[in-house]
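Visitor: Generate a structure from the sequence data that follows.
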Amino acid sequence: MGMNHLILALVSLSCLFSFSTSTSTPPSYSYHYSFSHSSSPPSAAFNVHFPKSSGTRIDQTFNKLPTLPTNNVDPGLQQICKDTDHPVECISNIVPFLGHGKFVAEPVSVLKLEIQAMDNKVKEAIDKATKLMQDHSTQKMTASCLETCLDSYKSILDSDKRVLDALSLHDVYQVNMELSSNIENVQTCEDAFLEANIKSPNIQMDSAIRKMISNTLSIGVDKVHF
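Guide: This next block holds a predicted model:
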């Protein structure tokens, strides 16, 4: 009987260790979304599954923003951003656009500013990719991948323009469709380098853009309702 108890204890410890290891794994950046052309309202027919939160407390997250003038920001901004996958980036992307006036945050205005910040970052990525492609020292395969990324970046800008148009028409379904297409756009760029087995010289910008896309989609799906 004593031996059986020992075996059970060892098995339990093994399972506990496996569970602890699995929960420490960083969240995946894969996204799954689907659309249903049913009689339901657009917001109800749109389903997006985001990576699970790492479990960090939201007050601990915003403590990473000591240099930002968040005291002058409407509390609604933090309320909206805290429900995104990247709340720190959500606020830090918007604050530079606020100026000295008080900003009253609501989902549509926050989404528009996130899109503006994303477009600025995408334009930076376009400029860098273009310069690298024109640099004769850039390897041919890298230049080919960058060309794919240029197309993806331009597609993101086009989609964002259509998002703003759809917002003015209160077409939430079109808003979510266009925001979702940005996931595929940035993934196409990343896949080009992955398949070529080379590191992207734009990897940091692409990572920032991906987070912005995630946040805009989260706000569009969960917060924007007309």
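Visitor: switch to C-alpha atoms for all contacts and neighbour counts from now on
Guide: Fine.
Visitor: how about the helices of the protein, start to end?
Guide: Along the chain, the stretches classed as helices by DSSP state H are 2-23, 42-45, 58-62, 75-81, 87-94, 107-134, 140-168, 172-196, 203-222.
Visitor: And those helices, which one averages the lowest pLDDT?
Guide: Mean pLDDT per stretch puts helix 42-45 lowest among the helices of the chain, at a mean of 39.
Visitor: Tell me which residues of stretch 193-203 come out buried.
Guide: Using 16 or more other C-alpha atoms under 10 Å as the test for burial, stretch 193-203 gives 193, 200, 202.
Visitor: That one: end-to-end distance?
Guide: 10 Å (C-alpha to C-alpha, to the nearest Å).
Visitor: Can you pull out the residues in contact with it?
Guide: 125, 128-129, 141-142, 145, 190 (C-alpha atoms under 8 Å, 6 or more residues apart in numbering).
Visitor: And the buried residues of stretch 193-203, which is closest to residue 153?
Guide: residue 202 (11.6 Å; C-alpha to C-alpha).
Visitor: Give me the neighbour count for residue 94.
Guide: 18 (other C-alpha atoms under 10 Å).
Visitor: what do you get for residue 131?
Guide: Counted with other C-alpha under 10 Å, residue 131 comes out at 12.
Visitor: Give me the distance between it and residue 95.
Guide: Residue 131 is 29 Å from residue 95, where distance means C-alpha to C-alpha.
Visitor: residues of stretch 139-155 that come out buried?
Guide: Neighbour-count burial for stretch 139-155, counted by 16+ other C-alpha under 10 Å, picks out 142-143, 145-150, 152-155.
Visitor: my read: residue 160 touches residue 177, true?
Guide: No - look at residue 160 against residue 177 with C-alpha atoms under 8 Å: they stay out of range, at 10.7 Å.
Visitor: tell me which of the contacts of stretch 193-203 is nearest to residue 118?
Guide: Of all the contacts of stretch 193-203, residue 118 sits closest to residue 125, with 10.5 Å by C-alpha to C-alpha.
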